[in-house]
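> 3D, please:
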Amino acid sequence: MLHSKFGLAALLLAATGSAGAQQVLEYDQVNLGDGGHGLAGGALAVRQCYLGSDDQKVALLPVFEYRWNNGFFAGIGNGVGYNFSQTKGLNYGVRVAPDFGRKEDSCDGLRGLGDIGRRIAVGGFYNQQFGYGLSVHTSLKAGTAGGSGVLADLGVAWTTPLAERTRLRLDGAVSIANGVYMQKYFGVTAEQSASSGYAQHVANAGARDWRGTVSIGHAFTPSLLFSAGITVRELLGDAADSPITRDKNSVGATAALAYRF
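Numbers count the residues shown, from 1 in each chain. Modelled structure (predicted):
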């Protein structure tokens with residue numbers, strides 16, 4: 001039972017990473033606790049206003065995730081999908097999830113670039129736990145960035161107990177996107193250049209960013225879970241070179257409290 005409690009506690013940070021708006025988008029990672037359990041609660045997140053912004057925003061976000069014993073799951077962070085694996089420590093499957101897009105009036109640095117519409121994206125995931133607290137987590141999401149964008153996330157994590165009810169987790173990950181996604185989020189067309197004042201910029205397919213996260217999960221009781229983490233990020237390649245990128249390096253923080261049922 002201790003392992004399942006911390007599996008759900010780790011899910012808190014992933015859920016809050018994509019659970020509300022573009023300004024707090026962390027990355028696309030599917031985390032699933034044991035079947036027949038759910039989480040409901042809230043989180044406080046501090047992130048860049050948009051990826052590449054030199055401004056930060058604070059957001060209070062809802063947390064809700066549930067996984068059934070038959071493999072289906074649904075939630076704000078993970079979306080709706082199905083896990084084909086019946087093996088402990090191994091998850092792989094398909095899902096649909098919202099892509100929240102981007103509003104140009106949400107941040108000063110986006111003025112004149114236009115909106116990126118909200119979409120329902122489809123994709124898959126593969127997560128596996130190994131010995132000594134090591135695990136890998138991967139996901140692929142297609143249909144982002146207005147419809148034809150593709151985003152893949154590849155990461156590795158290490159978890160170790162600090163006390164009976166407390167665990168430390170270290171994550172490292174990279175995001176890779178196709179040309180449509182990169183151009184939508186980091187490119188500047190001639191029309192956008194005329195309306196925003198930014199220089200034109202072509203953003204090609206490639207690595208979007210790398211990041212590292214240090215987080216702590218604590219179970220106050222078997223049902224009351226807390227998780228908090230700090231993430232450092234660096235934009236790469238054409239994302240870092242984009243004229244809309246005012247700061248390619250950032251630090252964000254998330255704290256979440258949820259009830260397990």
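> any idea how far Leu113 is from Phe100?
16 Å (C-beta to C-beta, to the nearest Å). C-beta coordinates here come from the backbone N, C-alpha and C atoms, glycine included.
> quick one: which of these two has more around it?
Set Leu113 next to Phe100 and count neighbours by other C-beta atoms under 10 Å: Leu113 wins out with 23 against 19.
> does Tyr126 really touch Arg95, like I thought?
No - because the distance of 12.0 Å does not satisfy C-beta atoms under 8 Å, Tyr126 is recorded as not touching Arg95.
> So which of those two has more stuff around it?
Arg95 (21 against 16).
> Return the residues in contact with the more buried one.
30, 73, 78-82, 122-125 (C-beta atoms under 8 Å, 6 or more residues apart in numbering).
> Now, those that are in strands?
Secondary structure defined by DSSP state E assigns 73, 79-82, 122-125 of the contacts of Arg95 to strands.
> Out of those, which is nearest to Val150?
Nearest to Val150 among these: Gly123, at 8.6 Å, using C-beta to C-beta.
> which one is that closest one nearest to, not counting chain neighbours?
Of all residues beyond its chain neighbours, the one nearest Gly123 is Lys141 (3.9 Å), with distances taken as C-beta to C-beta, 6 or more residues apart in numbering.
> ok so, going back, need the buried ones from the ones in strands among the contacts of Arg95 selected in PyMOL.
Selection of buried members from the ones in strands among the contacts of Arg95 for PyMOL, criterion 16 or more other C-beta atoms under 10 Å:
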select buried, resi 73+79+81+123+124+125
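> The ones in strands among the contacts of Arg95 into a markdown table, with extra columns for pLDDT?
Output for these, formatted as a markdown table (pLDDT from 0 to 100):
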| residue | pLDDT |
| --- | --- |
| Phe73 | 92 |
| Gly79 | 87 |
| Val80 | 93 |
| Gly81 | 94 |
| Tyr82 | 95 |
| Val122 | 94 |
| Gly123 | 92 |
| Gly124 | 94 |
| Phe125 | 93 |
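> Generate CSV for the ones in strands among the contacts of Arg95, with distance to Trp158 as supplementary columns.
Output for the ones in strands among the contacts of Arg95, formatted as CSV (distance: C-beta to C-beta, whole Å):
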residue, distance to Trp158
Phe73, 24
Gly79, 26
Val80, 30
Gly81, 26
Tyr82, 28
Val122, 30
Gly123, 25
Gly124, 24
Phe125, 19
